[in-house]
Structures are given as C-alpha cells and as structure tokens.
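Visitor: From the sequence below, what's the structure:
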Amino acid sequence: MVTGGNVNDCTRLPRLLQAINVPRLGPGRARTRPDHVVADKGYSSREIRSYLRRRGIAHTIRERADQKAGRRRRGSRGGRPPGFNRDRYKRRNVVERCFNRLKQFRGLATRYDKTATSYTATVTIASLLLWL
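Guide: Numbering: from 1, shown residues only. All right, here's what the predicted structure looks like:
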C-alpha cells in the first residue's frame, strides 16, 4: 500500500490488513488474515494492539520507552506489559535490510515519481533487479 510521505504508517495498518487477500493453491476461500504481525515501535499503541486482538491476530510489537515509563509510574494500575517474543522480533531485520537495499536506488530514495502507480512500478522493477 503506497501512502503519502506525510502519513503515519500506523494509521493505515487496519486498512492494509483488511486488504489482504492471498489465494489458496487448492480449493477454498482466500486467506484474509495473517498468522502473525511483527512491527516496530511506531506501531506500539493500545488501539493497534486491541485491533489485532479483536481480529485474532498474534503480534510481536516492541513497546516504546515512554509507554513503559507510564505503566511503571501508574504502578499496579498500569497493567501487565504486552507479550514480546525477542527471537521472532530479531527476524524482522530481513525486511529492514530489504528496505535498505531498495533505498540504494536513487529514484526510490528521493521519490522522483509523483504518482502512486509509477512509484509502485519503480519498486517492482528495483525488487526484480535485486532478485536477479
């Protein structure tokens, strides 16, 4: 999903998850829900965590320092810290390295393309060049 540069990614997460449609190889409906979401601290909010919980999607999202401090400050009323799987989170670096490699293409890093269609095409071409 391509968004403007001034839009926070976390505000688009519900729409992105609703757009998932992975066809099955055999008979049956397409998958519309991921098994697990792994995200960085930018996605750490109560709204996102509760949305994922309501949809039955397991998640590994690192908690921001200000959220930890606020929970500690409230004491026993602060609640239990959210579950966090450190080993699963470490595997997130594969995606981050892919973004890093894609940003080596100057047109992607500086966003020369003005329309979402041409930008998506540029990302696809750069991905194919990396894959080849």
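Visitor: The closest residue to Gly70 other than its chain neighbours and Ile48, how far apart?
Guide: Of all residues not flanking Gly70 in the chain, Gly78 sits nearest, at 7.1 Å (C-beta to C-beta, 6 or more residues apart in numbering). In short, each C-beta sits where N, CA and C put it, glycine included. Taking C-beta to C-beta, to the nearest Å as the criterion, Gly78 is separated from Ile48 by 19 Å.
Visitor: So which of those two has more stuff around it?
Guide: Relative neighbour count places Ile48 above the other of Gly78 and Ile48, with 19 against 14, counting by other C-beta atoms under 10 Å.
Visitor: surely the more buried one meets Ile61?
Guide: Yes. Using C-beta atoms under 8 Å as the test, Ile48 is close enough to Ile61 to be in contact (7.3 Å).
Visitor: Quick one: the helices in the protein, in order.
Guide: Per DSSP state H, the chain carries helices over the ranges 13-18, 46-54, 65-74, 86-90, 93-102, 106-110, 116-131.
Visitor: can you list those in CSV and add distance to Gly28 and mean pLDDT?
Guide: Shown next, in CSV, are these (distance: least, C-beta to C-beta, whole Å; pLDDT from 0 to 100):
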stretch, distance to Gly28, mean pLDDT
helix 13-18, 20, 89
helix 46-54, 24, 90
helix 65-74, 39, 85
helix 86-90, 27, 88
helix 93-102, 28, 89
helix 106-110, 36, 83
helix 116-131, 28, 90
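Visitor: May I see those helices organised as a markdown table, with distance to Asp40 added?
Guide: As requested, the helices of the chain are arranged in a markdown table below (distance: least, C-beta to C-beta, whole Å):
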| stretch | distance to Asp40 |
| --- | --- |
| helix 13-18 | 12 |
| helix 46-54 | 12 |
| helix 65-74 | 13 |
| helix 86-90 | 9 |
| helix 93-102 | 8 |
| helix 106-110 | 19 |
| helix 116-131 | 20 |
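Visitor: Of those, give the one that comes closest to Arg33.
Guide: Nearest to Arg33, of all these, is helix 13-18, at 7.5 Å by C-beta to C-beta.
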